[in-house]
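Asker: Build me a model:
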Amino acid sequence: MTEFFSGFSWSQILKTTMVLFAVIDILGSIPLIIKLKEKTGDISPLRTSLVSLGIMICFLILGESILNIFGVDIRSFAVAGSLIIFALALEMIMGWHLFRDEVSGKVASIIPLAFPIIAGAGTMTSIISLKAEFSEVNIVMGIIINIIFIYIVLRLTKKIESLLGEGGIAIVKKVFGIILLAIAVKLFSSNISALFSV
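Answerer: Numbers count the residues shown, from 1 in each chain. This is a model prediction of the structure:
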């Protein structure tokens, strides 16, 4: 337990939180959440948040073992992950819809909201990619901070949408898209050089 907390860093927590916040893009998903609420009647913020937390923590712990089964090291996955994050950033900046899944299913709190909208491929890729550079304790803290924020957003969806407006949500997406683009470039450059130096 002491070893787990030994790598605690506010700087890493902030970076992890920002990366996951940008990838999850819960503010950009507000129109989709409202649509889901209209279709299903209601969504449980607590259930959605807990399921998303469980998926992310499980992937943080078991993700590397799963990669080992396929003979893929974490650096290689981080490089591949940086390309996915790069594509996600372009999607946010350019307004493309490369990774958006169809909205369906009666259990909307879990599918598609918790998975794959919140804890989807982009989020899982980011978690493993972050693990190549940051301590697990800081990634866990970043995940928890994001889950708290997700819960608040799910509770106050309509108020946030009316407060930010369509233009405000669009600006938030663009800003975090640019941040995410820069992070993807840094993640790619640091891991690709490590691969070739081995």
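Asker: Please enumerate the helices of the protein.
Answerer: Along the chain, the stretches classed as helices by DSSP state H are 2-5, 10-24, 30-40, 45-69, 74-94, 121-131, 136-155, 157-197.
Asker: Minimum distance to S109: which of those helices has it?
Answerer: helix 45-69 (4.6 Å; Cβ to Cβ). (C-beta placed from N, C-alpha, C; glycine too.)
Asker: Could you dump the helices of the chain into CSV and include mean neighbour count and mean pLDDT?
Answerer: Rendered in CSV, the data for the helices of the chain read as follows (neighbours: other Cβ atoms under 10 Å; pLDDT from 0 to 100):
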stretch, mean neighbour count, mean pLDDT
helix 2-5, 9, 61
helix 10-24, 20, 92
helix 30-40, 16, 73
helix 45-69, 17, 90
helix 74-94, 19, 78
helix 121-131, 23, 84
helix 136-155, 20, 95
helix 157-197, 15, 79
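Asker: which one of the ones you listed lies closest to I111?
Answerer: The nearest among the helices of the chain, by Cβ to Cβ, is helix 45-69 at 9.3 Å.
Asker: which helices and strands sit right next to that closest one?
Answerer: Here helix 45-69 touches helix 74-94, helix 121-131, helix 136-155, going by 3 or more Cβ pairs under 8 Å, 6 or more residues apart in numbering; DSSP states H and E.
Asker: circling back to that earlier point, export the helices of the chain to JSON lines and tack on distance to I110?
Answerer: Formatted as JSON lines, these follow (distance: least, Cβ to Cβ, whole Å):
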{"stretch": "helix 2-5", "distance to I110": "29"}
{"stretch": "helix 10-24", "distance to I110": "16"}
{"stretch": "helix 30-40", "distance to I110": "11"}
{"stretch": "helix 45-69", "distance to I110": "5"}
{"stretch": "helix 74-94", "distance to I110": "22"}
{"stretch": "helix 121-131", "distance to I110": "15"}
{"stretch": "helix 136-155", "distance to I110": "13"}
{"stretch": "helix 157-197", "distance to I110": "17"}
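Asker: I'd like to know which of the ones you listed lies nearest to L113.
Answerer: Across the helices of the chain, closest to L113 is helix 45-69 (Cβ to Cβ), at 5.1 Å.
Asker: Report the angle between that closest one and helix 136-155.
Answerer: For helix 45-69 against helix 136-155, the angle by axes from the mean of the first three to the mean of the last three Cα atoms, to 10 degrees is 140 degrees.
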